[in-house]
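Colleague: no sequence on hand, only this structure:
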């Protein structure tokens, strides 16, 4: 995979498990994003008319679920920056600061700050799952089981980001920085 400034492959010293976990972060949000997008684009998928009306689908709810799907994948993809060179240094083409390493505390702090709302969302979603998928008061169906199967991998998102962030901090702590940073 070729990334920014012609570099490819993970940063030297990154454990293989961290690279796998970073990619798993992206892949764990794709099933829920596909499900959500399909519902937003009009696929029935067992959702009641009452639930669709409440969610304003079609309408503003459609824009919301499609945007949420795109943003989920985009934010999950940022985890790759913890293992690939583009998350390690400012691109060389940036004037004045190009080529400098991002401060470890900044990158790790932003990643850790993202884990907190993710964990809250996972816990709140699990606590209100039947309501969220429009299954409250209805007998279980194949659709609710499929929706659950699509969303369940996303519950790993905060765990995976935490694991990759810890690996990032450990790797950066082991390698003394010989070059100037942004701080």
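Modeller: Nice, thanks for sending it over. Please read these numbers as outputs of a predicted model, since none were measured by experiment.

Colleague: okay, and the closest residue to residue 115 other than its chain neighbours sits in which element?
Modeller: Distances taken as CB to CB, 6 or more residues apart in numbering place residue 158 nearest to residue 115, at 4.8 Å, with adjacent residues excluded. (Each C-beta comes from the backbone N, C-alpha and C, glycine too.) According to DSSP states H and E, residue 158 maps onto helix 157-174.

Colleague: residue 35: neighbouring residues, count only.
Modeller: 22 (other CB atoms under 10 Å).

Colleague: name the element it belongs to?
Modeller: helix 16-40.

Colleague: flag every buried residue along that helix.
Modeller: For helix 16-40, burial by neighbour count (16 or more other CB atoms under 10 Å) applies to 18-19, 21-26, 28-33, 35-37, 39-40.

Colleague: in which helix or strand does residue 14 reside?
Modeller: Judged by DSSP H and E, residue 14 forms part of no helix or strand.

Colleague: what pLDDT does the residue nearest the centre of the chain get?
Modeller: By CA atoms, centre = their mean, the chain has its centre lying nearest to residue 76, at 2.1 Å. Looking at residue 76, its pLDDT is 96.
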